[in-house]
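[1] Sequence below, structure please.
(one chain, ligands or ions: 1)
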Amino acid sequence: MSTYLITGIAGFIGSSLARAALAQGGQVRGMDNLSTGKKENLSEILSRIDFRQADLLALAATHDACRGVDYVFHEAAIPSVPKSVLDPLGSNQANVDATVNLLVAARDAKVKRVVYAASSAAYGDTPTLPKREDMPPNPISPYAVGKLAGEYYMTSFYRCYGLETVSLRYFNIFGPRQDPTSPYSGVLAKFITQMLQGEQPTIFGDGAQSRDFTYVDNVVDANLRACQAPAAEVAGKVFNIATARRVDLNETFRALKKIIGYPGDVKYAPERAGDVKHSLADLTQAEKHLGYRPKVDFEEGLRRTIEWYRGNS
Ligand code: UD1
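    Below you'll find the model as predicted:
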């Protein structure tokens, strides 16, 4: 039986990973400083996990959390582009300093592998689509720089210390439990909850920007695969995790309007600083080395997510 440490366990991706690891018979330990995560996300599994409310920047707590662990899923982050534009120092501490602390602790505890939540934001505005992992990164926002630095640290810890790491570049993950309440929340969580409450959503820019929206179950599957794939194929490497379909925001709004039955229109506001225009993944590497293929497509993901918010808001 494997022991997993999940950082950011109270977030929507971390808590989904916790459920999946438990379902596989794993032991689950989690760290979260509850800066964006919520303990409610863990309510029905809290008694079955070793939950620690602690910050990765507290090195002693991080060392302690890594003891006896086989696999680490590193999901903890401040995941917002605009927040990083407003507060680059805070973003760097949460996304870079915390990651280095975790790597040092994981190395010292001799964990088998660290799987890292990297970001497609690393590609920035390079014009070529779809994005392949061998393309040069071109980060725009401080957030994107921090997430890319985390990848480099992952690879460096593999090369220098032999700690196996796998970086998964997530493309706009969405699904149940994603926090819709902050101005920095992901666009789907915000739009769905606003439209369910009869409020008008806002598109920043002209709505032609597109994203490769990815349902959370796909990313959970990718993480479990990343633990089991042969080291020779994955250690120290970076993989896109996405749906491999690009939808623009105007289209996204129309799809939501139809499923939700929202009668109104969307409003438009100025484009956000640091925003990427288009995003679409090439999944060749993930398929070849992780056996990853998206199991849940965009529409089905939307339906499941809307259903969840209907029952839980
Ligand atoms: C998102 C993730 C980031 C991840 C990245 C991977 C969040 C909060 N951000 O960044 O962690 O690393 O994908 O690619 O989950 N928008 C609106 N109206 C709104 C909110 C947003 O029009 O009310 C627009 C934004 O300007 C942007 C698009 O929707 O063009 C997506 O924004 P957002 O959901 O914040 O995600 P990303 O910035 O793409």
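[2] any idea whether the residue lying farthest from the centre of the chain is helix, strand or coil?
    Of all residues in the chain, residue 263 has its C-alpha farthest from the mean position, at 31.4 Å, by C-alpha atoms, centre = their mean. State at residue 263, reduced to three classes by DSSP: H, G, I helix; E, B strand; the rest coil: coil.
[3] For residue 195, give me its contacts.
    Neighbour list for residue 195: 201, 256-257, 260, 262 [criterion: C-beta atoms under 8 Å, 6 or more residues apart in numbering]. In this view, the C-beta of every residue, glycine as well, is placed from N, C-alpha and C.
[4] Could you give the backbone dihedrals for it?
    Backbone geometry at residue 195, expressed as degrees, to the nearest 10, gives phi -70, psi -30.
[5] Spatially nearest residue to it (excluding sequence neighbours)?
    residue 262 (4.2 Å; C-beta to C-beta, 6 or more residues apart in numbering).
[6] tally of neighbours for that neighbour?
    By the criterion of other C-beta atoms under 10 Å, residue 262 has 21 neighbours.
[7] Could you tell me which residues of the stretch 201-313 of the chain lie near the ligand?
    Those residues of the stretch 201-313 of the chain that sit near the ligand, judged by C-beta under 6 Å from any ligand atom, are 202-204, 209, 211, 249, 272, 275, 279.
[8] could you dump these to TSV with secondary structure, pLDDT and distance to residue 181?
    Below are these laid out as TSV (DSSP: H, G, I helix; E, B strand; the rest coil; pLDDT from 0 to 100; distance: C-beta to C-beta, whole Å):
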residue	secondary structure	pLDDT	distance to residue 181
202	strand	98	15
203	strand	98	19
204	strand	98	18
209	coil	97	23
211	strand	98	21
249	helix	98	20
272	coil	95	18
275	coil	93	21
279	coil	96	24
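[9] now the residues you listed: which count as buried?
    203-204, 209, 211, 249, 275, 279 (16 or more other C-beta atoms under 10 Å).
[10] Now distance to residue 47 too, for those, in a markdown table please.
    Formatted as a markdown table, these follow (distance: C-beta to C-beta, whole Å):
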| residue | distance to residue 47 |
| --- | --- |
| 203 | 42 |
| 204 | 41 |
| 209 | 43 |
| 211 | 37 |
| 249 | 41 |
| 275 | 41 |
| 279 | 39 |
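[11] closest to residue 103 among the residues you listed?
    residue 279 (27.0 Å; C-beta to C-beta).
[12] check contacts around that closest one.
    Contacts of residue 279 (C-beta under 8 Å, 6+ apart): 120, 123, 131, 171-172, 210-212, 246.
[13] where in the stretch 151-300 of the chain is pLDDT low?
    Applying pLDDT under 70 to the stretch 151-300 of the chain flags no residue at all.
[14] I figured residue 83 hits residue 146, correct?
    No: assessed by C-beta atoms under 8 Å, residue 83 is found out of contact with residue 146, at 11.2 Å.
[15] What residues sit buried inside stretch 245-260?
    Within stretch 245-260, the residues that count as buried by 16+ other C-beta under 10 Å are 245-250, 252-253, 256-257, 259-260.
[16] Same question for stretch 48-58.
    Within stretch 48-58, the residues that count as buried by 16+ other C-beta under 10 Å are 49, 51-52, 54-56.
[17] Including pLDDT, secondary structure and distance to residue 295, could the residues you listed go into a markdown table?
    Putting the buried residues of stretch 48-58 into a markdown table (pLDDT from 0 to 100; DSSP: H, G, I helix; E, B strand; the rest coil; distance: C-beta to C-beta, whole Å) gives the following:
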| residue | pLDDT | secondary structure | distance to residue 295 |
| --- | --- | --- | --- |
| 49 | 98 | coil | 25 |
| 51 | 98 | strand | 28 |
| 52 | 98 | strand | 31 |
| 54 | 98 | coil | 33 |
| 55 | 98 | coil | 34 |
| 56 | 98 | coil | 30 |
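[18] now, which of the buried residues of stretch 245-260 lie within strands?
    247-248 (DSSP state E).
[19] of the buried residues of stretch 245-260, closest to residue 222?
    Distances from residue 222 to those, taken by C-beta to C-beta, are shortest for residue 245, at 16.1 Å.
[20] Surely the closest one touches residue 214?
    No: counting by C-beta under 8 Å, residue 245 does not reach residue 214; the two are 9.3 Å apart.
[21] Tell me who's in contact with residue 121.
    81, 139-141, 143-144, 147-148, 276.
[22] Just say helix, strand or coil for residue 62.
    Going by three-state DSSP: residue 62 is helix.
[23] Which residue, other than its chain neighbours, is closest to it?
    Using C-beta to C-beta, 6+ apart, the nearest residue to residue 62 is residue 105, at 4.4 Å.
[24] what about that neighbour, how many neighbours?
    Residue 105: 23 neighbours (other C-beta under 10 Å).
[25] Relative to residue 82, how far out is it?
    According to C-beta to C-beta, to the nearest Å, residue 105 stands 30 Å off from residue 82.
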